[in-house]
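> Let me see the structure of the following:
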Amino acid sequence: MARIKGGMNAKKRHNRVLKMAKGYRGARSKQYRVAKQSVMRALTSSYAGRKERKRQFRQLWIARINAAARINGVSYSVFMHGLKLAGVDLNRKVLADMAVNDAAGFAKLAELAKSKVA
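Numbering: from 1, shown residues only. Below is the predicted model of the structure:
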């Protein structure tokens with residue numbers, strides 16, 4: 001029986017990595033060994049980046065809610081505490097959207113939160 005060597009599978013694996021490294025600069029897109037390192041690092045960073053994006057959006061929402069709440073004469077923490085006491089179950093994403101697009105509705109929520117805390 002003929003001996004089967006691993007050249008075809010190795011070539012396939014190399015091409016898969018080099019395809020992922022397309023657009024990288026210099027040897028990172030041409031040489032397998034360098035490309036493999038770059039791709040591994042890029043995949044790790046992209047995984048971490050997906051987690052980081054969620055944190056950044058939450059920070060953005062809180063900043064928007066805080067700005068709108070202060071326009072209505074209440075701090076962020078007092079506003080959120082008042083909503084909790086009032087039993088309003090709106091997440092920060094929705095509240096931030098209201099703060100930007102529906103100022104009148106947000107003002108009503110701010111008044112409700114103020115009255116519950118006082």
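> Let's verify the residue nearest to residue 98 when sequence neighbours are not counted: helix, strand, or coil?
Distances taken as CB to CB, 6 or more residues apart in numbering place residue 106 nearest to residue 98, at 4.7 Å, with adjacent residues excluded. (C-beta placed from N, C-alpha, C; glycine too.) Secondary structure state of residue 106, per DSSP: H, G, I helix; E, B strand; the rest coil, is helix.
> This protein: helices as residue ranges?
Remark: helices assigned in the chain by DSSP state H are 7-20, 32-71, 76-86, 92-101, 103-117.
> Redo those helices as JSON lines? Include mean neighbour count and mean pLDDT.
Listed next are the helices of the chain as JSON lines, based on neighbours: other CB atoms under 10 Å; pLDDT from 0 to 100:
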{"stretch": "helix 7-20", "mean neighbour count": "12", "mean pLDDT": "96"}
{"stretch": "helix 32-71", "mean neighbour count": "14", "mean pLDDT": "97"}
{"stretch": "helix 76-86", "mean neighbour count": "17", "mean pLDDT": "96"}
{"stretch": "helix 92-101", "mean neighbour count": "17", "mean pLDDT": "96"}
{"stretch": "helix 103-117", "mean neighbour count": "16", "mean pLDDT": "95"}
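> I am finished for the moment; much appreciated.
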